[in-house]
Every structure is written in C-alpha cells, then in structure tokens.
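J.: only geometry, no sequence info:
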C-alpha cells in the first residue's frame, strides 16, 4: 500500500459523503444544531477550526444570529453564548474535551464528531455523528468538508436560502476526476486567498498543503494580500483564489510573473475547489516520497498529558 492510499480514497469519496451530510442536516441533526436567533460559538482545532470559521460567517451572514469561531484553547469564557458547537473528528482532542467539561451544565453544547465511541459524547449535551466520513489517514479531508456541508445545508434550511447539493456534489466529482492544472506540481510556493466564508477554506488549504507535502504556503483574506504578502509573488509561485476575487488582483499577481488560479471564475463551488487543493497537496507529498497518510510529527488526535 502506498503512503497516500487512504487519503486518496477518502478524497475521492467526498461527493457521496457530502450528499449524506446534507441529508442529515434536515433530518435528525436539525433538532440539535443551533437555532435561529441563538448567539453561537463554534470551536475546533486545526482543520476543524478553519471549518468553524467558514460556518460562523455563513450562519451570521444568513441572518441566523451572531456566530463566532475560536480555537478551543482560546475560547473566551467571559462571553455569553446560547449554544456552543464543538467540531472534532476524533472526539478525543484535549482542548475540546477540556472546554466541554468546563462549560457542562452552563451552556448547551453539541459535538460534531466522526466516532461516537469517544469521550466527547459524554461531555456534550448532544452529538451529530458523521461516521460515514471518518478517516484512516491522519490528514483530514472528507470529514472536514462533510461537516461544513452539514452546516451549509442546515443554514440554508433555517434561512430559506438555496443550497444546491446536487451542484456541489457534481463540482466535487469534477474536482476529483479532472486532470490537475498543467504545471501546478512545478510550483514551489502557494498563497491561498478567500473572502467571506471562504477565508476559512483558504486557511485550511494552506494547512493541507503544509501537512501533506511540507510545501511553503500562506493564506489571507483576499483584500489583505495587497498589503504586503503579494511581495512574495514571482515565477514559481501560485496565488489560488477560493472565493470572489477583488477587482484587479489577478492582473496585479500576473504582473509579478506568478501564476493565478481562480475557481469562482468558472462558477465552481469553493468547497469543491478545496478538493483540488487536497489532490495537489497529496501529489506533491507523494512526489517527495513522504508518507502522506501519516505526516511527520502529527497524529490523528492531539492528546496532551501532564508531565
């Protein structure tokens, strides 16, 4: 088995897991996820934090209530919230469990997890289990995107707005099966940009590239890229836009000799474009001979022990 066999299979399964997550959002999960008007905090670590960032923007922009996203270790206990959503694939991450334990009985909580047989369900008031999106690879792909699909579908159902899961899944399938852009594996530096909810996707794209391939990356809100970071753009770099691009930015990047890639220009769902990032990260890592399923210095869950 190759060092990326698990993650490659998990990446390819995302069109199916997204459909299952969207269906779950309007069935039994609908009763435990945040209600309209609630003030909500969403917490996670690593990839889960970045999905939390995307969800927070989507929910608040849909008019469903104030929504903040925090790293679990940085949660502001002095603030008042009506509900806390804890996103944790493993259900064992130390910072998340400590937070759930500390606020148990004070603030209603819901844990969105992949494995029900973990400590998180005992500490949370409710759980949503995405066991069909669990992963063998340390590198998170389908659990994160399926959780965000769950949130997107729930936001749409509550706000009466449209979320076309058929289009999203079709775009995901295209991103799984289409050849990667010519020359993309020759790039040595990547900058990922987002706007609105896709800033979280940009942050996750940067993390995925770092984890899977040890490639130099950065991520920013798109309008902030002009304020210093664009100085790194040059031949050999790729600036990858995951949301709506600011006017004139593409031309500014191209003037540096660097490459520009804009998913939204083709009308593609931004979350589906994250799949192409995952594929590039895995391909670069495999090309370097890395064990992409088990990146160095990383484990499936960060569990801290006192010395």
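T.: Yes, it's here. This is a predicted model, so every value here is computed, not measured. Residues are numbered from 1 along each chain as shown.
J.: Report the secondary structure state of the residue nearest to the spatial centre of the chain.
T.: Central residue of the chain (Cα atoms, centre = their mean): residue 51, 3.8 Å from the mean position. Of the three states, residue 51 takes helix according to DSSP: H, G, I helix; E, B strand; the rest coil.
J.: and it, what is it in contact with?
T.: For residue 51, the contacting residues are 44, 87, 144, 145, 147, 148, 151, 200, 204, by Cβ atoms under 8 Å, 6 or more residues apart in numbering. C-beta: built from backbone N, CA, C; applies to glycine.
J.: Where does the prediction get shaky in the stretch 101-250 of the chain?
T.: Along the stretch 101-250 of the chain, the model assigns pLDDT under 70 to no residue.
J.: about what we covered before: so what's the residue nearest to the centre of the chain scoring on pLDDT?
T.: Residue 51 carries a pLDDT value of 98.
J.: go on, residue 302?
T.: Value listed for residue 302 in the pLDDT field: 48.
J.: what does residue 262 give?
T.: 94.
J.: partner residues bridging it?
T.: Beta bridges link residue 262 to residue 241, judged by DSSP bridges.
J.: For the remainder of this discussion, apply numbering that starts at 432.
T.: In the new numbering, first residue 432, that becomes residue 693.
J.: so it makes contact with residue 672?
T.: Yes - assessed by Cβ atoms under 8 Å, residue 693 is found in contact with residue 672 at 4.4 Å.
J.: more neighbours, the two?
T.: residue 672 (27 against 19; other Cβ atoms under 10 Å).
J.: show me where this protein has strands.
T.: Taking DSSP state E, the strands of the chain run over residues 471-475, 498-502, 514-519, 540-544, 557-560, 620-625, 647-652, 668-672, 690-693.
J.: Redo the ones you listed as TSV? Include distance to residue 705.
T.: Below are the strands of the chain laid out as TSV (distance: least, Cβ to Cβ, whole Å):
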stretch	distance to residue 705
strand 471-475	16
strand 498-502	17
strand 514-519	16
strand 540-544	18
strand 557-560	21
strand 620-625	9
strand 647-652	12
strand 668-672	10
strand 690-693	13
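J.: Out of those, the one nearest residue 567 is which?
T.: Nearest to residue 567, of all those, is strand 540-544, at 16.0 Å by Cβ to Cβ.
J.: So which elements touch that closest one?
T.: strand 514-519, helix 525-534, helix 551-554, strand 557-560 (3 or more Cβ pairs under 8 Å, 6 or more residues apart in numbering; DSSP states H and E).
J.: Report all helices and strands that the third one contacts.
T.: So the one you mean is helix 551-554. Judged by 3+ Cβ pairs under 8 Å, 6+ apart, helix 551-554 is in contact with helix 525-534, strand 540-544.
J.: could I get the ones you listed as CSV with distance to residue 602?
T.: Below are the helices and strands packed on helix 551-554 laid out as CSV (distance: least, Cβ to Cβ, whole Å):
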stretch, distance to residue 602
helix 525-534, 31
strand 540-544, 23
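J.: okay, the ones you listed, which one's buried deepest?
T.: Among those, ranked by average contacts under mean count of other Cβ atoms under 10 Å, first place goes to strand 540-544 (a mean of 26).
J.: which other residues reach it?
T.: By Cβ under 8 Å, 6+ apart, strand 540-544 touches 463-465, 514-522, 527, 531, 534, 551-552, 554-561, 578, 581.
J.: re the thing from before, what's the closest of the helices and strands packed on strand 540-544 to residue 452?
T.: Closest to residue 452 of those is strand 557-560 (Cβ to Cβ; 9.4 Å).
J.: what sits against residue 444?
T.: Contacts here follow Cβ under 8 Å, 6+ apart; on that basis residue 444 touches residue 573.
J.: is it true that residue 574 touches residue 559?
T.: No - in this structure, residue 574 is not within contact of residue 559 by Cβ under 8 Å, at 11.9 Å.
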